[in-house]
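S.K.: this is a predicted model, with the sequence first.
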Amino acid sequence: MVRWLGIAAFAVVIAALPRLVPQFVAFELTYAAAYAIAIVGLVILIGRTGQISLGHGAFVAVGGYTLAILVTHGVPYGLGIVAAALIAGLLGVALGGIALRLAGVYLALATFALANSVAPVLKRFGSLTGGAQGLSIPSHSETELYYLTWGVAALLFALAYFGLRSRVGLALRALRDSEIAAVSFGVNPVFYKTLAFGWSSAYAGVAGALLALATAYVSPDVYSVALSLNLLVGAVIGGLQLLWGALLGGLVIQFFPLWSQAISPALAAVVYGIALILIMMFMPGGIAGALGRRMSFIRRGHE
Amino acid sequence: MLEIKNLRASYGEIEALHDVSFHVEDGAIVALLGANGAGKTTTLRAISGTIKHSGTITFDGVSLTDYGPEDVARLGIAHVPEGRGTLAELTVWENLMLGGYLLRSEPLHEQYARVTEYFPWMETRKKQHAGTLSGGEQQMLAIARALMMKPKVILLDEPSMGLAPLVARDIFALLQTINRKDGVALLLVEQNAVSALATASHAYVLETGRVAATGIAQELARDDRVRRLYLGLDPITA
C-alpha cells in the first residue's frame, strides 16, 4: 500500500516537473530517464542473473543507430524505438550464446572488447552510419521528449518489475545463487542465461534510441567504452539488487558530473570520483540498498 | 523401482566407486551407510546425473545412463545435496517455488499446501530469507523443497550433518512421517548409523567403493560384526 502510494506520488511529481523547473533541467531529466532504462538492463543481467557486462554501451549504440537510420529513411520514431529494442535484443541473445561459455572476469573482458569495437565498426560502415560524422535526426520539442522518455521508462520499469517477480525472475536468481541447485529442479540454464542477455540488451537498445532522439544526433564517439563503464557505475551506485536503484543510478550518472563541475571546474573528475568512493564505502548495497534498509527499519518501528 | 547395477564412478584418475549394486523398492526407506570416503555421496551424485559413471541405473524401467540432472528431476528423483543447498538469498517461499519449478500453476499450489502441512512455520515465515534460518530449519526447507516437485524418490545426503541431536531426531521422525503419508521412497545417506538404521527398512554398508554388507536395517543394527567393522559402533553386550 505504502509502496503504491509512493509510486503514485512519484508519477505526479514527474508529470508536473516540466512546469516547475527550468527547461534545461527537464531536458537533463530526460537523459536521466533514458540512462535509467539502460541501467534496468544491468540490474537484470548483473544483479539478478550474476553475469557481468562491461559492454552494455554497445547495445545502446545499436539502439541509437537503429533509430537514427530508420528515422532518416522516413520511419516514424515509435517504430524506430521498437526496432531498436528488437535488434539490440537479438544481438544480445547472440552474445548471450557466447557468454554461456564464459564467466566472471573472462565474460567481463569479452564484453569489454565488444564495447571497444563499437566506434571502429560504426566508422567502417560509413555508407549506412554516416562514418565519423554520424547521422543527424530531425529534432522534437523538449516537452515531447521528456514525456516520451519518462513514459517509456515507466512502461519498461513495470515490465521488469513483473517479469522479475515471475517464474522467469525466480529462475534467474536461482541460477545466480547456485546453478547446480537450479538445474536439479528443472531450470534450463542455457535458455535463461541467453534470455537475460537478450532482455538486458533490448533495454539498452531502447535507451539508445531515446538518447539519440533527445540529442537529435548519433556519432561513433558518443559510444565509447566510457559509456559502458558509466552505466555500470550508475547500476552499482544506484543499487544492483533493487529495480528502483536503476532510477537513482540514472540520476547519479546524469547529475553527479554536472554538480562536480559546479563545485570545482578544474577538479570535476576528482570530486565525482570521491563522491562515488564515499557512496560505496558507506552504502555497499548502493543508494537504493541503504535507503531500503532505512525504510524497513522505520516500518518495523511502527509495528 | 530404482535399481543400481555394477555402478562405477571416478574423479579424474581416482575411482571412487568400484562395483556398487543395490535397489530401492517403491515407498521404501533405504539407508546407505559407511565411513568418510566410502562412496556414499558419489553414489547419489551418479544417480542424480551430476557426475559421469558406468554401469546401469534404471528408474521404473528407464535407463538413466544418458540423463542430465534436469531429466532425472523430471522423472521424479529429487536430490537434497550435502550441506542442504538452500539458496540463502532467496526467501523460504521462493525456495519452495523453485522446488516446484516443473509443476503447472494449479498442482503447484496444491503441492505447496500439502508440503506446508508438514512444515506450518514455512507458511508464516515465507518471506524470510533462507540464509537467516537455523541449520535445522534450512535442512527442513531443503527437504520441503525436494517434496515440492512431487518426487517418487528423494535422495538425502546426510540430513543430520551439523545439527544438534534433538533437531536431527526431529528430522528423522519427519522423514518417516513423510514417507508414510506421501508414499515417497527415501534413499538416505548417513554417517549417523544408529539413527539411519532406526529410520530405514533396508540398509547397505559401503566400504571404499564397494557394498560390504546388506540386509534388513534392524538386523544390521544388531549384527556385531557389522557394528564393529563398518559402523564404528560398540558390539551389543547383552
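M.R.: Thanks, I have the structure now.
S.K.: how about the residues of the stretch 101-250 of chain A that lie near chain B?
M.R.: Contact residues, the stretch 101-250 of chain A versus chain B (Cβ under 8 Å from any Cβ of the partner chain): A:167, A:170-171, A:173-174, A:176-178, A:180-188. Yep, even glycine has a C-beta here, placed from its N, CA and C like the rest.
S.K.: let's see 10 Å
M.R.: A:167, A:169-171, A:173-174, A:176-178, A:180-189, A:241 (Cβ under 10 Å from any Cβ of the partner chain).
S.K.: out of the residues you listed, which end up buried?
M.R.: Buried members of those, counted by 16 or more other Cβ atoms under 10 Å in any protein chain shown: A:169-171, A:173-174, A:176-178, A:181-187, A:189, A:241.
S.K.: picking up where we left off before, among the residues of the stretch 101-250 of chain A next to chain B, which are in helices?
M.R.: Among those, the members falling in helices (DSSP state H) are A:167, A:169-171, A:173-174, A:176-177, A:180-184, A:189.
S.K.: remind me which residues of chain B are low pLDDT?
M.R.: Within chain B, the segments meeting pLDDT under 70 span B:237-238.
S.K.: count the neighbours of residue 131 for me.
M.R.: No chain in the question, so chain A it is. Residues near A:G131, counting by other Cβ atoms under 10 Å in any protein chain shown, number 15.
S.K.: that's the wrong chain, I meant chain B
M.R.: The burial count assigned to B:G131 is 13, neighbours taken as other Cβ under 10 Å.
S.K.: measure it to B:E94 for me?
M.R.: 12 Å (Cβ to Cβ, to the nearest Å).
S.K.: try A:A246
M.R.: As for A:A246, its distance to B:E94 is 21 Å (criterion: Cβ to Cβ).
S.K.: so A:G286 makes contact with A:G47?
M.R.: Yes: counting by Cβ atoms under 10 Å, A:G47 is a contact partner of A:G286 at 9.5 Å.
S.K.: what sits in contact with each of these two?
M.R.: The contact sets of A:G286 and A:G47 overlap at A:235-236, A:238-242, A:245-246 (Cβ atoms under 10 Å, 6 or more residues apart in numbering or on different chains).
S.K.: want to throw these into TSV with pLDDT?
M.R.: Putting these into TSV (pLDDT from 0 to 100) gives the following:
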residue	pLDDT
A:A235	94
A:V236	92
A:G238	91
A:G239	89
A:L240	89
A:Q241	85
A:L242	87
A:G245	92
A:A246	94
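S.K.: so which of these is the most crowded?
M.R.: Result: A:A246 is most packed of those (other Cβ under 10 Å), 33 neighbours.
S.K.: now do the strands in the stretch 201-303 of chain A.
M.R.: For the stretch 201-303 of chain A, the strands defined by DSSP state E, counting those that start in this stretch occupy A:217-218.
S.K.: hey, what's in contact with both of B:G131 and B:E94?
M.R.: B:L87.
S.K.: following the strand or helix carrying A:A113, which helix or strand comes up?
M.R.: Using DSSP states H and E, A:A113 sits within helix A:104-124. Next helix or strand after helix A:104-124 toward the C-terminus (DSSP H and E): helix A:126-129.
S.K.: what sits against the most centrally placed residue in chain B?
M.R.: By Cα atoms, centre = their mean, chain B has its centre lying nearest to B:L156, at 1.5 Å. Residues in contact with B:L156 (Cβ under 10 Å, 6+ apart) are B:29, B:31-32, B:44, B:78-82, B:139, B:142-143, B:146, B:171, B:175, B:186-190, B:196.
S.K.: one more pass at 8 Å, please.
M.R.: B:80, B:143, B:175, B:186-189 (Cβ atoms under 8 Å, 6 or more residues apart in numbering or on different chains).
S.K.: how about A:A196?
M.R.: A:44-45, A:48-49, A:51, A:96, A:172.
S.K.: out of these, who's nearest chain B?
M.R.: Nearest to chain B among those: A:R48, at 10.4 Å, using Cβ to the nearest Cβ.
S.K.: what number of residues lie near the closest one?
M.R.: 26.
S.K.: nearest residue to it other than its sequence neighbours?
M.R.: Leaving aside its sequence neighbours, A:R48 sits nearest to A:L172 (Cβ to Cβ, 6 or more residues apart in numbering or on different chains; 4.8 Å).
S.K.: likewise A:D221?
M.R.: With Cβ to Cβ, 6+ apart as the measure, A:A119 is the residue that lies nearest to A:D221, at 6.3 Å, once sequence neighbours are left out.
S.K.: can you check B:V167 too?
M.R.: B:V167 sits nearest to B:G136 (Cβ to Cβ, 6+ apart), 3.8 Å away.
S.K.: was I right about the one you found contacting B:F172?
M.R.: No: between B:G136 and B:F172 there is no contact under Cβ atoms under 8 Å: 11.8 Å.
S.K.: okay, strands next: where are they in chain B?
M.R.: Here chain B has its strands, by DSSP state E, at B:2-11, B:14-24, B:29-33, B:54-59, B:62-63, B:77-80, B:153-157, B:185-190, B:202-207, B:210-216.
S.K.: how near is A:V206 to chain B?
M.R.: According to Cβ to the nearest Cβ, to the nearest Å, A:V206 stands 28 Å off from chain B.
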